[in-house]
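K.L.:
Give the three-dimensional model of this entry:
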Amino acid sequence: VATTLLLLFLLLPGLMEYWPVKTRQRKARRAMETVWSWLAERMIRRATLVTGLSIALIIASGWGLFSIKTSIKLRALFPPHDQVLTNYAWLEQRLGPMVPVEVIVHFQADSQVDILQRVAVVQAVAQSVRRVEQVKGVLSANTFMPPIPEGTSTRQVIRRTVMSKKLSQEKARFVEARYLYEDNERQSWRIAARVPALSDLDYEGFLAELKQKVAPVVATASVTIEEPIDVTVTGAIPLIYQTQRLLLADLLHSFIAAFGIVGVVLMIVLRSVRAGLVAMIPNLFPTAVVFGTMGWLSIPIDLGSVMTASIALGIAVVDTLHFLTWYRREIAAGCEPREAIRRCYRHCATAMLQTSVICGVGMLAFVFSSFVPASRFAWMVLILLMTALFADLVILPALLAGPLGRVFIAKSSKLGCRP
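P.N.:
Okay, here's the model as predicted:
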């Protein structure tokens, strides 16, 4: 943006000197002026009604922001018949579920618990993982061992002793197979579970059920061996779930940061705290309405749409400043607020329309992407830009024509409007 601004100041004036712009479409210009004059009169006459409805719509739609949901499911990242999804379906039908969930059971490094007892704990935890409905397969070190001998007979005791010695001797093989890891702090046993990649799995509910199944088994084992046992749940599903939570948090934090920065800049430019706050109303409108409506309709946001709120705010404020700059200039020249609004429409409404359409249509190049979040990003930016244009051409003039418009008028403004 900074580079473009520099080129605009240094390069464009010279180009216009060599190739001056010639205006030939007088009929189109007159038609647009007629449209803007009609719109200006409607906004001036119904300023209070439009302002009230706009603020009410922001509040009503904004309430839906509390219901926003996120989604990063594999199936939602690609078109329905994409080759990636076809391959996943083929593999899951013939081989099994593809999405991993890892449950790691940790023992202290200086633990005095026999290795056979540790294996028994890992086996109990693995069985609890199998009881989770969505889990379709579980692998652990126990998968490659014979059953642990049970009973108190001499034969069973001898068998357990022999098995314990063999496990101690073959421990390196479990380390090599990545089902066991040891360091100076603890010994970790891995339990690998699998769930379907293309199912409509509720990640939050799945993780809650998994922890609910594992927790009592671990608590009982800790009491039995008289040592604390720690369990870590990791893998693709916890990662996706955490990403979903971060998406929503980032949407909120980034927008609040952008809103605060833009608001402060507007206050500095307009030299008034109240004027800056009022000027932020049309800039808040697009995000509140679009994302709030998505919340009300339960349309989830994804990787592509989460970034658009701050981007749209940054682009929308440009049109707001254009309109306000002309308005304050006309007021400073002595025009009354209503006449200043009419002149603002004639000065910059067409340019605001053109820039918004050009930016929005330019983004539509991403619509043809096979990566769905990129396509949704394009649509979201276009919708937000058109909503921002509506806010700057309808809501902002109504604000200026109503009681709130007084904050933009300096007390030292001249009387008498220039032609």
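K.L.:
Any figure for the gap between G402 and T48?
P.N.:
Distance of G402 to T48, given as CB to CB, to the nearest Å: 5 Å. From N, CA and C alone the C-beta is placed, and that goes for glycine too.
K.L.:
Between those two, tell me which one has more neighbours.
P.N.:
Neighbour totals were compared for G402 and T48, and G402 leads with 19 against 13 (other CB atoms under 10 Å).
K.L.:
how many neighbours does P286 have?
P.N.:
Counted by other CB under 10 Å, the residues lying close to P286 total 26.
K.L.:
ignore the last one, E204
P.N.:
E204, neighbours per other CB under 10 Å, totals 11.
K.L.:
Grab the nearest non-local neighbour of it.
P.N.:
Y241 (6.1 Å; CB to CB, 6 or more residues apart in numbering).
K.L.:
Show me what the helix or strand harbouring the one you found is packed up against.
P.N.:
Using DSSP states H and E, Y241 sits in helix 236-270. Secondary-structure packing of helix 236-270 (3 or more CB pairs under 8 Å, 6 or more residues apart in numbering; DSSP states H and E): strand 99-108, helix 203-225, helix 273-296, helix 308-332.
K.L.:
Extract the residue ranges of the stretch 301-419 of the chain that are flagged as low pLDDT.
P.N.:
410-419 (pLDDT under 70).
K.L.:
let's go with 80 and repeat that
P.N.:
Within the stretch 301-419 of the chain, the segments meeting pLDDT under 80 span 302-304, 306-307, 309-312, 314-315, 409-419.
K.L.:
now the helices for the stretch 1-150 of the chain?
P.N.:
Using DSSP state H, counting those that start in this stretch, the helices assigned to the stretch 1-150 of the chain run over residues 2-10, 12-18, 26-45, 47-63, 83-94, 115-130.
K.L.:
could you give the angle of the helix holding Y241 to strand 99-108?
P.N.:
On the basis of axes from the mean of the first three to the mean of the last three CA atoms, to 10 degrees, helix 236-270 is oriented at 100 degrees to strand 99-108.
K.L.:
Name the residues of helix 236-270 that are buried.
P.N.:
Under the neighbour-count criterion of 16 or more other CB atoms under 10 Å, helix 236-270 has 236-238, 240-241, 244, 247, 251, 254-255, 258-259, 262-263, 266-267, 269-270 buried.
K.L.:
Low-confidence ranges, the stretch 151-300 of the chain, go.
P.N.:
Residues of the stretch 151-300 of the chain that meet the criterion pLDDT under 80 lie in 151-152, 198-204, 236-237, 240-252, 255.
K.L.:
one more time with 70, if that's ok
P.N.:
For the stretch 151-300 of the chain (pLDDT under 70), the answer is none.
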